[in-house]
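Asker: kindly return the folded structure for what I paste below:
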Amino acid sequence: MQKKISSESIKELRIKTGAGMMDCKKALEASEGQIDAAIESLRKKGLASADKKSHRIATEGLVESYIHSGSRIGVLVELNCETDFVARQTEFSMLAKDIAMQLAACQLVNYVSKDDIPEQLVLYETKIESEKEDLSKKTLQIKEQIIKNRVEKRLKELCLVDQPFIKDPTITVQELVKRHIALLGENIKIRRFERFILGEGLEHKSTNLTQEISNMIQNK
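Answerer: Residues are numbered from 1 along each chain as shown. Below you'll find the predicted structure:
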């Protein structure tokens with residue numbers, strides 16, 4: 001006998017995954033009411049659906065802003081989709097806000113994905129890792145593998161899509177976007193962003209009281 005699925009369970013699964021009500025109901029029925037198993041099932045289906053849409057051209061969307069408390073950090077991000085209809089959806093707008101907030105929190109992130117990282121930077125990071133002292137006694141094969149892994153880790157630290165989502169660290173920003181692709185039925189791309197930090201790049205005045213007093217005496 002099939003286990004009866006409560007409306008509370010369906011609502012909980014929908015909140016956690018963003019999937020449709022009927023999809024949530026079917027996933028829970030197939031998993032006999034097990035939330036985690038249902039999430040895994042929906043995630044697999046959602047990601048597969050998102051991957052199929054990833055080649056579509058996305059030229060609509062919106063530019064979202066986020067100003068952090070205290071007004072010392074601000075972010076602008078352009079999020080693209082396929083149609084103006086999806087761009088006006090609440091879920092799309094919330095995704096853009098979450099991504100802007102993520103960028104304010106992850107100040108080491110400078111690129112959307114690894115595809116955006118200049119080859120010159122990759123070569124530089126490889127050079128830095130290859131010259132570290134702890135590799136001097138390793139065999140060439142092991143040394144190359146360690147360097148590759150370290151560079152890969154470093155590049156991920158610089159990329160937005162590889163960051164754990166601040167509201168749910170069990171998924172990455174890329175997985176968050178793919179969930180919304182599955183939910184809204186269109187390709188979604190984070191195109192570009194700009195982060196503004198108050199005073200960044202300016203030469204700050206430093207106060208040296210001893211030097212200031214000395215200058216005052218000499219000028220008398």
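Asker: how about Leu76, secondary structure?
Answerer: Of the three states, Leu76 takes strand under DSSP: H, G, I helix; E, B strand; the rest coil.
Asker: just the pLDDT for it.
Answerer: At Leu76, the model reports a pLDDT of 97.
Asker: might one say that it is in contact with Phe193?
Answerer: Yes. The criterion here is C-beta atoms under 8 Å, and Leu76 meets it with Phe193 at 6.5 Å. Any C-beta I mention is one placed from the backbone N, CA and C, and that applies to glycine too.
Asker: any low-confidence regions in the chain?
Answerer: 1-3, 15-20, 46-52, 54, 204-220 (pLDDT under 70).
Asker: now the strands: where do they sit in it?
Answerer: For the chain, the strands defined by DSSP state E cover 60-67, 73-81, 164-165, 168-172, 189-197.
Asker: out of those strands, which is the most enclosed?
Answerer: Counting by mean count of other C-beta atoms under 10 Å, strand 73-81 has the highest mean neighbour count of those, with a mean of 21.
Asker: related to what we said a few turns ago, nearest to Leu95, out of the strands of the chain?
Answerer: strand 73-81 (6.7 Å; C-beta to C-beta).
Asker: what do Leu76 and Phe193 both touch?
Answerer: Shared contacts of Leu76 and Phe193, defined by C-beta atoms under 8 Å, 6 or more residues apart in numbering, are found at Ala100.
Asker: leaving out chain neighbours, which residue sits closest to Met101?
Answerer: Excluding the flanking residues, the one nearest Met101 by C-beta to C-beta, 6 or more residues apart in numbering is Tyr66, at 5.2 Å.
Asker: contacts only, for the one you found.
Answerer: Gly74, Val75, Val77, Lys97, Ala100, Met101, Leu103, Ala104.
Asker: got a markdown table for those, with distance to Thr90 too?
Answerer: As requested, these are exported to a markdown table (distance: C-beta to C-beta, whole Å):
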| residue | distance to Thr90 |
| --- | --- |
| Gly74 | 23 |
| Val75 | 20 |
| Val77 | 17 |
| Lys97 | 10 |
| Ala100 | 16 |
| Met101 | 16 |
| Leu103 | 21 |
| Ala104 | 21 |
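Asker: report the two of those residues separated the most.
Answerer: Gly74 and Lys97 (13.3 Å).
Asker: shouldn't His180 be in contact with Ile188?
Answerer: Yes. Contact criterion C-beta under 8 Å: His180 and Ile188 qualify, at 5.7 Å.
Asker: common neighbours of these two, please.
Answerer: In contact with both His180 and Ile188: Phe92, Leu95, using C-beta under 8 Å, 6+ apart.
Asker: tell me the bridge partners for the residue nearest to Met101.
Answerer: Note on Tyr66: beta-bridge partners Val75, judged by DSSP bridges.
Asker: how near is it to Phe193?
Answerer: 10 Å (C-beta to C-beta, to the nearest Å).
Asker: overlap of the contact sets of the two?
Answerer: Val75, Val77, Ala100, Leu103.
Asker: okay, those in TSV with distance to Thr172 next?
Answerer: As requested, the shared contacts of Tyr66 and Phe193 are exported to TSV (distance: C-beta to C-beta, whole Å):
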residue	distance to Thr172
Val75	18
Val77	16
Ala100	17
Leu103	14
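Asker: show me which of these is closest to Ser9.
Answerer: For these, the nearest to Ser9 is Ala100 (32.2 Å; C-beta to C-beta).
Asker: contact partners for the closest one?
Answerer: Contacts of Ala100 by C-beta under 8 Å, 6+ apart are Glu64, Ser65, Tyr66, Val75, Leu76, Val77, Phe193.
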